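Novice: The sequence and its predicted three-dimensional model are supplied below.
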Amino acid sequence: MKTEDQIEKMKRFRNEITRFMLLYKFALDEMETKVEILKQEFQSLHDYSPIEHTKSRLKSPESIMNKMLRKNCEISLASVKHDIKDIAGLRITCSFISDIYHVSEMLQKQDDLTVLEIKDYIKNPKPNGYQSLHLLIQVPVFMSDGQELVCVEVQIRTIAMDFWASLEHKIFYKYNQSVPERLTLELKQAAESANMLDVQMERLHREIKEIKDAQGEDDMIEDLKRIIINNQKIALPAGFLKLLGE
């Protein structure tokens, strides 16, 4: 039977773990909000958003513990915060390679965020063909008892990169992390094919944009008579247009 002192210690420990995990959840919430604001801003002002969608992931306490044991780290919350930087993860999927660097640049310009590390696996793919841009970002989280700085790993990739990475992960674990050499080679070739697709689609996107930019003045004027808010097109009142001498 547990003593009152033991029960009190368990309560304190549970609360410490809960608060620790909440910090990373709140940091993810903040990052998702920031990305959603950028997405809506671009969709409304430019009728195009470089961000397709996002997906967040929070490691479980069990997963964190297993990683600490694999790394032979001291088991404490302070050690976890210092040694495990991917507890909170945010994946941003973009349409084109150029969008990846654009989104990265916008995040780096936000004053309340601190970019601690950048790993560019697009310019320098991993040996297996993996491509993505990784940012380790420090996010301020304001709790009732003060501010905490929390790390979030942000991965930015194209749809093709994300498709390849997802399937590679499934194949890798199906073979219990020991993939035959023949399949390893084919996976790398598939990654190269995905990259070729990205390059081709970006070229098509650029050419279509040039055609749109060259559209007639009448069509352009009609576009300027509408605004986009929350993915809805709203016609501007005639009175607004008169202010411009319409």
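Specialist: On my side now, so go ahead. Numbering: from 1, shown residues only.
Novice: partners of the longest strand along the chain, with directions?
Specialist: Of all the segments of type strand in the chain, defined by DSSP state E, the longest one is strand 146-158. In the sheet containing strand 146-158, its partner strands are strand 88-94 (parallel), strand 133-143 (antiparallel), by DSSP bridges.
Novice: residue boundaries of the strands in this structure?
Specialist: Applying DSSP E to the chain gives strands spanning 51-58, 88-94, 114-120, 133-143, 146-158, 226-229, 232-235.
Novice: Between strand 51-58 and the second one, find me the angle.
Specialist: Relative orientation of strand 88-94 and strand 51-58, computed by axes from the mean of the first three to the mean of the last three C-alpha atoms, to 10 degrees: 160 degrees.
Novice: now the angle between strand 133-143 and the helix ranked longest in the chain, please.
Specialist: Ranked by number of residues, the top helix in the chain under DSSP state H is helix 4-46. Using the same axes, to 10 degrees, the direction of helix 4-46 lies 120 degrees away from that of strand 133-143.
Novice: nearest to residue 3, of the strands of the chain?
Specialist: Of all the strands of the chain, the one in closest proximity to residue 3, counting by C-beta to C-beta, is strand 133-143 (30.8 Å). Bear in mind the C-beta positions are built from the backbone N, C-alpha and C, glycine included.
Novice: which stretches of this structure aren't confidently modelled?
Specialist: Across the chain, the stretches falling below the confidence threshold (pLDDT under 70) are 1-2, 174-177, 215-246.
Novice: Apply 90 and report the result again.
Specialist: Segments of the chain classed as low confidence (criterion: pLDDT under 90) are 1-17, 40, 42-49, 61, 64-84, 127-128, 145, 167-188, 205-246.
Novice: Which positions within stretch 54-63 qualify as buried?
Specialist: 54, 56, 59 (16 or more other C-beta atoms under 10 Å).
Novice: circling back: identify all contacting residues around the longest strand of the chain.
Specialist: The set of residues external to strand 146-158 that reach it, using C-beta atoms under 8 Å, 6 or more residues apart in numbering, is 23-24, 26-28, 31, 81, 85-97, 99-100, 103-104, 107, 114, 116, 131-141, 165, 198.
Novice: One more pass at 6 Å, please.
Specialist: Strand 146-158 is touched from outside by 23-24, 27, 31, 85-86, 88-92, 94, 100, 103-104, 132-141, 198, with contacts defined as C-beta atoms under 6 Å, 6 or more residues apart in numbering.
Novice: same check, this time on stretch 55-71
Specialist: 24, 25, 28, 75, 80, 84, 87, 88, 89, 90, 91.
Novice: before we move on, what about stretch 113-125?
Specialist: Counting by C-beta under 6 Å, 6+ apart, the neighbours of stretch 113-125 from elsewhere in the structure are 108, 130, 131, 132, 133, 134, 135, 136, 137, 138.
Novice: Now, of these, which are buried?
Specialist: When the contacts of stretch 113-125 are checked for burial by 16+ other C-beta under 10 Å, the buried set is 130, 131, 132, 133, 134, 135, 136, 137, 138.
Novice: ok, the residues you listed vs residue 212, which is closest?
Specialist: Each of these was scored against residue 212 by C-beta to C-beta, and residue 133 proved nearest at 27.4 Å.
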